[in-house]
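Participant: dropping the sequence and predicted coords here.
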Amino acid sequence: MEKDTNFNEWYNDIVEKAGLSDKRYPIKGMNVWTPYGWKIMRNIDEYIRRELDATGHDEVCFPLLIPETEFKKEKEHIKGFDSEVYWVTHAGLNELDVRLVVRPTSETAMYPMFSLWIRSHTDLPLKIYHLVNTFRYETKQTRSFIRVREIHFFESHTCHVTEEDAQKQVEEDFLILERLMKDLCIPYSLLTRTEWDKFPGAYYTVGLDTAMPNGRMLQIGSIHHYRTNFSIPYNITYEDADGEHMYVHQTTYGMSERLVGALIGVHGDDKGLVLPPPVAPIQAVIIPILSKGNIDAVTAAAKNVEKMLRDAGIRVKLDDRDERPGSKFFEWEIKGVPLRLEIGMKDIEKNVVTFVRRDNGGKGTVSLQDATDGVHLILRSIRKDMYDKAWEKQRSNVTTITSLDDLPEKTLRFGWCGSEECGHKFEDENDLKLLGTPYIPEEFDGKCIICGKPTDKVAYASRSM
RNA sequence: GGGCCCGUGGGGUAGCUUGGUAUCCUUGUAGCUUCGGGAGCUAUUGACUCCGGUUCAAAUCCGGGCGGGCCCA
């Protein structure tokens, strides 16, 4: 399994061998979450809940089906999703009068309800989210966690009195993102999408992208400012202090199971998955090293360490299967368990536990008494090192270019005058996707790489995943 | 959107050209034995993607569906 020379095959191989997903389910793009993969997703979901709850969002759950009549209210939105929605056209033996859309995203499900819920400025801001499955009929090649037809994601939807308040929400979303990505050790860039690539119906969209080992950028989430683009067709209004009826300003924020794809791509190596401790289903695995005559002593010591760690809140597993240690090492390495602990007679005699870090192969011992503190310390250090290493890779993947000859397989940074004409020309002639312009402006003094006009604007592009 | 390739036990494969008996590795199961980097021995379970066509006979030839993979736009 070679990650860097053959990323696509490596990726498929890891997904299968680490037991993340079973793609033999007989519908294209709809895979089965197997236990280990689902535990990772659940851990990520818990972090998302924690962050959103802590910032005043309330979790809700909206229905899967949306009446065609509601779905069609916002014109741009329909144009964007029309070709990729699933329809429910029958109920039992009867054809439905009003067909039902299987949600591709929940704006059109939520907003009719928002219109009922919101009456006064004191009802605002309204900040809600749900964690659900959505369905999009992908026509391109599907790929586990990265391009699927049934998408597991969270979407938060907020309503505000003014555009400025909505803008503040976007800023808060970035802080949530920063904290979340610290736990997942995933680096990202914030790029304002081009006009032709923004979310259908949005005022603007910020894409959250992370670099994959093949130099391509993977979009892991997005944040949208809608202004009143949806509140007008869905009639979401509030009465202000003066008795005037005003349309709310809205934002949304969403991230999906692509985060799992990002974990695989960003951290994995030739031996398999490498999971950041905060989301790893098993943070430390204990392998007892048995041999004739010491089975009872070693097993007892291993169980003792297991209990210590478990009582301290560490997700630990004692692998006491009747297999040879070597084959266990291989298996847990493929599954990306951050820390391996070995206990054999040699360790017991010295009163220590041997540890091996998955992220960098570092090996050492911790004393038996302080095993809990020692493991906590190592896990924290792994998280930090993984985070720093991933960011370094993300930064080094960006190359500033001044010519379109010999384009490297990296994230490209270059001058762009900002015109749609140049943008399209750039994409069409180079088989690249214009990811957008930095949300946080960057100093630049150069020329548009397409038309040559002087510009202080910079843009990013890469081949699409 | 276009092109190419593929579908045989749970996974990976041989067999297909030239139609007739399905190969090997791995995994699973049971037992013995072993244990600081994928151990060994014995026994054993398990497969031709689906529909249609040609034929005495189809994993094999033909058509279509479904599914999978790669490349290009």
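Facilitator: That came through, no problem. Numbers count the residues shown, from 1 in each chain, chains lettered A, B, ... in the order given.
Participant: what's the helix or strand for the nearest residue to A:Arg258 once chain neighbours are set aside?
Facilitator: Sequence neighbours aside, A:Ile220 is the residue nearest to A:Arg258 in space, at 5.0 Å (criterion: C-beta to C-beta, 6 or more residues apart in numbering). No exception for glycine: its C-beta is placed from N, CA and C like everyone else's. Take DSSP states H and E as the rule and A:Ile220 turns out to sit in strand A:217-227.
Participant: helices or strands up against that strand?
Facilitator: Taking 3 or more C-beta pairs under 8 Å, 6 or more residues apart in numbering; DSSP states H and E as the contact definition, the neighbouring helices and strands of strand A:217-227 are helix A:163-184, strand A:204-211, strand A:249-256, helix A:258-267.
Participant: can you pull the contacts of the nearest residue to A:Glu409 once chain neighbours are set aside?
Facilitator: If the residues on either side of it in the chain are set aside, A:Glu409 comes closest to A:Gly215, at 3.9 Å by C-beta to C-beta, 6+ apart. When contacts are counted by C-beta atoms under 8 Å, 6 or more residues apart in numbering, A:Gly215 touches A:397, A:408-411, A:462-463.
Participant: list the contacts of the residue of chain A most remote from its centre.
Facilitator: Computed with C-alpha atoms, centre = their mean, the maximum C-alpha offset from the centroid of chain A is found at A:Gly293, amounting to 48.9 Å. Contact analysis of A:Gly293 by C-beta under 8 Å, 6+ apart lists nothing.
Participant: okay, now the residue nearest to A:Thr228 when sequence neighbours are not counted: neighbour count?
Facilitator: Nearest residue to A:Thr228, sequence neighbours excluded (C-beta to C-beta, 6+ apart): A:Tyr247, at 4.2 Å. When counting by other C-beta atoms under 10 Å, one arrives at 17 neighbours for A:Tyr247.
Participant: follow-up on the earlier one: name the helix or strand for the residue nearest to A:Glu409, please.
Facilitator: If you go by DSSP H and E, A:Gly215 is not part of any helix or strand.
Participant: from RNA strand B, how far off is it?
Facilitator: Applying C-beta to the nearest atom of the strand, to the nearest Å, the value for A:Gly215 to RNA strand B is 12 Å.
Participant: with A:Trp391 instead?
Facilitator: Going from A:Trp391 to RNA strand B by C-beta to the nearest atom of the strand gives 26 Å.
Participant: before we move on, the earlier item: out of the helices and strands packed on strand A:217-227, nearest to RNA strand B?
Facilitator: Minimum separation from RNA strand B across those (C-beta to the nearest atom of the strand) falls at helix A:258-267, 12.8 Å.
Participant: ok, is the next helix or strand after the closest one in contact with RNA strand B or not?
Facilitator: Read in the C-terminal direction, the helix or strand following helix A:258-267 is strand A:284-288, with elements assigned using DSSP H and E. No. Contact between strand A:284-288 and RNA strand B is absent, the nearest approach being 7.9 Å (criterion: C-beta under 7 Å from any atom of the strand).
Participant: quick check on the contacts of A:Gly215: which are buried?
Facilitator: Those of those that meet the buried threshold are A:397, A:410-411, A:462-463, by 16 or more other C-beta atoms under 10 Å.
Participant: with distance to A:Gly374 and pLDDT added, can I get those residues in CSV?
Facilitator: Output for the buried ones among the contacts of A:Gly215, formatted as CSV (distance: C-beta to C-beta, whole Å; pLDDT from 0 to 100):
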residue, distance to A:Gly374, pLDDT
A:Asn397, 35, 93
A:Lys410, 40, 91
A:Thr411, 39, 94
A:Ser462, 41, 92
A:Arg463, 44, 87
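Participant: which among these gets closest to RNA strand B?
Facilitator: Set against RNA strand B, the nearest of those by C-beta to the nearest atom of the strand is A:Arg463 (7.9 Å).
Participant: pLDDT at the closest residue to that closest one other than its chain neighbours, what is it?
Facilitator: Take A:Arg463 and drop its neighbours on the chain: the residue closest to it by C-beta to C-beta, 6+ apart is A:Arg216, 5.0 Å away. Reported pLDDT at A:Arg216 in the predicted model: 91.
Participant: equivalent analysis for A:Asn8, please.
Facilitator: pLDDT for A:Asn8: 84.
Participant: list phi and psi for it.
Facilitator: Dihedral angles of A:Asn8 (phi, psi; degrees, to the nearest 10) stand at phi -60, psi -50.
Participant: how many neighbours does it have?
Facilitator: Counted with other C-beta under 10 Å, the neighbours of A:Asn8 add up to 11.
Participant: near RNA strand B, which residues of the stretch 201-350 of chain A?
Facilitator: For the stretch 201-350 of chain A, the residues in contact with RNA strand B under the definition C-beta under 7 Å from any atom of the strand are A:271, A:289-292, A:295, A:322-327, A:329-331, A:333-334, A:342-347.
Participant: let's see that with 10 Å instead.
Facilitator: For the stretch 201-350 of chain A, the residues in contact with RNA strand B under the definition C-beta under 10 Å from any atom of the strand are A:214, A:271-272, A:287-295, A:298-299, A:320-334, A:340-350.
Participant: buried members of the residues you listed into ChimeraX, please.
Facilitator: In ChimeraX, a selection of the buried entries from those looks like this (16+ other C-beta under 10 Å):
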select /A:214,271,272,287,288,289,290,298,328,329,331,332,333,334,340,341,342,343,344,347,348
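Participant: which SS class is the residue farthest from the centre of chain A?
Facilitator: For A:Gly293, the assignment made with DSSP: H, G, I helix; E, B strand; the rest coil gives coil.
Participant: quick one: name whatever helix or strand follows the lengthiest helix in chain A.
Facilitator: Determined from DSSP state H, the single longest helix within chain A is helix A:371-396. Moving toward the C-terminus from helix A:371-396, the next helix or strand (DSSP H and E) is strand A:398-400.
Participant: return the set of buried residues in that following strand.
Facilitator: For strand A:398-400, it's none, nothing buried (16+ other C-beta under 10 Å).
Participant: again, but for stretch A:178-196
Facilitator: Neighbour-count burial for stretch A:178-196 [16+ other C-beta under 10 Å]: A:180-181, A:183-189, A:191-194.
Participant: rewinding a little: would you reformat the buried ones among the contacts of A:Gly215 as TSV and include distance to RNA strand B and secondary structure?
Facilitator: What follows is the buried ones among the contacts of A:Gly215, written out as TSV (distance: C-beta to the nearest atom of the strand, whole Å; DSSP: H, G, I helix; E, B strand; the rest coil):
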residue	distance to RNA strand B	secondary structure
A:Asn397	18	coil
A:Lys410	15	coil
A:Thr411	17	strand
A:Ser462	13	strand
A:Arg463	8	coil
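Participant: now flag whichever of those residues is closest to A:Glu74.
Facilitator: Checking the buried ones among the contacts of A:Gly215 against A:Glu74 with C-beta to C-beta, the nearest one is A:Ser462 at 30.2 Å.
Participant: what residues are up against that closest one?
Facilitator: If a contact means C-beta under 8 Å, 6+ apart, then A:Ser462 has A:211, A:215-217, A:410-412, A:432-433, A:435 as its contacts.
Participant: same check on A:Ile40?
Facilitator: Counting by C-beta under 8 Å, 6+ apart, A:Ile40 touches A:20, A:260, A:263, A:275, A:279-281.
Participant: can you name the helix or strand that it falls in?
Facilitator: Taking DSSP H and E as the criterion, A:Ile40 maps to helix A:35-54.
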